[in-house]
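Asker: quick one, structure for this:
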Amino acid sequence: MTIKIGILGLGFMGNCHFNAYKGVAKARITALCDCDGGKLRDDSGVAGNIGGAGQKKDLAGIKTYTEAYRLITDPEVDVVDITLPTYLHAEWTIKALKAGKHVICEKPMALSSLDARKMAAAARQAHRRLFIGHCIRFWPAYEVAREIIRRGSHGRVLSAVFSRISPKPTWSWNNWLLNPGLSGNAALDLHIHDADFILYLFGKPKAVCSHGSGSARSGFEHIVTSYDFAKKNIVIAEGGWGYENKYPFSMTFRVAMEKASLALHADGKLMLYKPGRDPEAVDVPAGDGYGRELTHFIECIAGGGKSAVVSPESAMLSVKLVETEIKSAVAGKKVQFN
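Answerer: The predicted model follows:
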């Protein structure tokens, strides 16, 4: 069974998805759409904070559109993969679902949890699948770390610190990423990766206490949050993109458990530290989160099932969590997460 894919939006993430589908056996790209016709040429590439997007595209046998409604109504498209700017996610997800298509939508799900709720409701009403691309849930080092932590063989978690630092994202179409009203700034676009993974790893916190660089209007280009799980441990995440363009992107974490420590270092190595032992490199599967998530989503669609990894409701909760963090940073105090 082959699932026919139409990609809506060919910026950084659209190109990442285009390349990732090459490794998804049951998927075939049948259509592409971008309002910028130049991106529909096979020699177009884009910059981003992770390599791999700016490769040449082979468009043989693929239809190209500059109007989104033509792609979402194309009978040769089973799934609309939405890699548009965040402020367009809700609108085009709902339209694609109403057109009878399954939808894969990039993270964050929407600019607000209210819009995210509307997207989830539209999927239920249309009896179609909706998947949100929270790729860190599928990133090999994070997957393996979650398995190690949840197995509990090294004791309970005493502290966990997650960090995601990026140069200023000046590469986006019309500079939309640096417009807080369109992207939600670093708090919603960048930091949500770790906020979402914390939900996936530990469940819902009781409250959050956040500090941000910027203002309520700006949405914060750097945010640091402490998550209260009503236990005797520390869980912290920080995310920021206020760094100059030559500053290296990094995603790291460190977790202290009762009997061992686990860390993902900036060089991408996952290391386990046990008492009285030399540091141990942990084996992780090959690949990245993009190919692994798309393979999972296509398998779910082909099999007619839901995702056990990321549901629309869990992605909506991640948006709500970041909203609560922003509220805490604005108020300068701890805020309950309900």
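
Asker: any figure for the gap between residue 188 and residue 109?
Answerer: Noted for residue 188: a distance of 10 Å to residue 109, by Cβ to Cβ, to the nearest Å. (Glycine included, C-beta is placed from N, CA and C.)

Asker: the more surrounded of these two?
Answerer: Taking neighbours as other Cβ atoms under 10 Å, residue 188 and residue 109 compare with residue 109 leading, 32 against 27.

Asker: and residue 197, how far from residue 60?
Answerer: 38 Å.

Asker: name the helices or strands packed onto the longest helix along the chain?
Answerer: Secondary structure assigned by DSSP state H gives helix 312-331 as the longest helix of the chain. In terms of contacts (3 or more Cβ pairs under 8 Å, 6 or more residues apart in numbering; DSSP states H and E), helix 312-331 is packed against helix 113-126, strand 130-133, helix 185-189, helix 192-202, strand 207-213, strand 222-228, strand 335-336.

Asker: hang on, residue 113 packs against residue 326?
Answerer: No: between residue 113 and residue 326 there is no contact under Cβ atoms under 8 Å: 11.6 Å.

Asker: who's more crowded, those two?
Answerer: Taking other Cβ under 10 Å, residue 113 and residue 326 do not tie; residue 326 has more neighbours (25 against 20).

Asker: once you drop chain neighbours, what's closest to the more buried one?
Answerer: residue 187 (5.7 Å; Cβ to Cβ, 6 or more residues apart in numbering).

Asker: got a pLDDT number for the one you found?
Answerer: On the pLDDT scale, residue 187 is placed at 96.

Asker: then residue 36?
Answerer: pLDDT at residue 36 comes out at 89.

Asker: got the phi and psi for the closest residue to it other than its chain neighbours?
Answerer: Closest residue to residue 36 apart from its sequence neighbours, by Cβ to Cβ, 6+ apart: residue 173 at 7.1 Å. Per-residue torsions, residue 173: phi -60, psi 130 (degrees, to the nearest 10).

Asker: show me the shaky parts of the stretch 201-338 of the chain.
Answerer: Low-confidence segments of the stretch 201-338 of the chain (pLDDT under 70): 216.

Asker: meant to ask about the stretch 51-200 of the chain, not that
Answerer: With pLDDT under 70 as the threshold, the stretch 51-200 of the chain has low-confidence stretches at 51-56.

Asker: what about the strands in it?
Answerer: 63-65, 79-82, 102-106, 130-133, 157-167 (DSSP state E, counting those that start in this stretch).

Asker: and the angle for the third one with helix 113-126?
Answerer: Our comparison of strand 102-106 with helix 113-126, counting by axes from the mean of the first three to the mean of the last three Cα atoms, to 10 degrees, yields an angle of 160 degrees.

Asker: re earlier: which one's more surrounded, residue 197 and residue 60?
Answerer: With other Cβ under 10 Å as the criterion, residue 197 and residue 60 differ in neighbour count, and residue 197 comes out ahead with 22 against 6.

Asker: any idea how far the more buried one is from residue 305?
Answerer: 23 Å.

Asker: then residue 332?
Answerer: With distances taken as Cβ to Cβ, residue 332 is found 45 Å from residue 305.

Asker: same question for residue 316.
Answerer: 20 Å.

Asker: between these two, who's got more neighbours?
Answerer: residue 316 (23 against 10).

Asker: wait, the more buried one touches residue 115, no?
Answerer: No: under the criterion of Cβ under 8 Å, residue 316 is not in contact with residue 115, lying 9.2 Å apart.

Asker: overlap of the contact sets of these two?
Answerer: Jointly contacting residue 316 and residue 115 under the rule Cβ atoms under 8 Å, 6 or more residues apart in numbering are residue 109.

Asker: thinking again about what came up before, show the contacting residues for the residue nearest to residue 326.
Answerer: Counting by Cβ under 8 Å, 6+ apart, residue 187 makes contact with 212, 219-221, 223, 239, 322, 325-326, 329.

Asker: same question, residue 132
Answerer: The neighbourhood of residue 132, defined by Cβ under 8 Å, 6+ apart, consists of 105-107, 109, 310, 312, 315.

Asker: so what sits against both of residue 188 and residue 109?
Answerer: Looking at what touches both residue 188 and residue 109 (by Cβ under 8 Å, 6+ apart), the common residues are residue 319.

Asker: for the closest residue to residue 126 other than its chain neighbours, give me its contacts.
Answerer: Distances taken as Cβ to Cβ, 6+ apart place residue 97 nearest to residue 126, at 4.3 Å, with adjacent residues excluded. By Cβ under 8 Å, 6+ apart, residue 97 lies in contact with 103, 119, 122-123, 125-126, 128, 130.

Asker: how about residue 315?
Answerer: By Cβ under 8 Å, 6+ apart, the residues touching residue 315 are 107-109, 116, 132, 134, 196.

Asker: from residue 107, how far out is it?
Answerer: Taken as Cβ to Cβ, the span from residue 315 to residue 107 is 7 Å.

Asker: again with residue 151
Answerer: Distance check for residue 151 against residue 107: by Cβ to Cβ, it reads 27 Å.

Asker: out of the two, which sits in the more crowded spot?
Answerer: residue 107 (23 against 8).

Asker: for residue 303, see how far away that one is.
Answerer: From residue 107 to residue 303 the distance is 23 Å (Cβ to Cβ).

Asker: what does residue 215 give?
Answerer: For residue 215 relative to residue 303 (Cβ to Cβ), the value is 46 Å.
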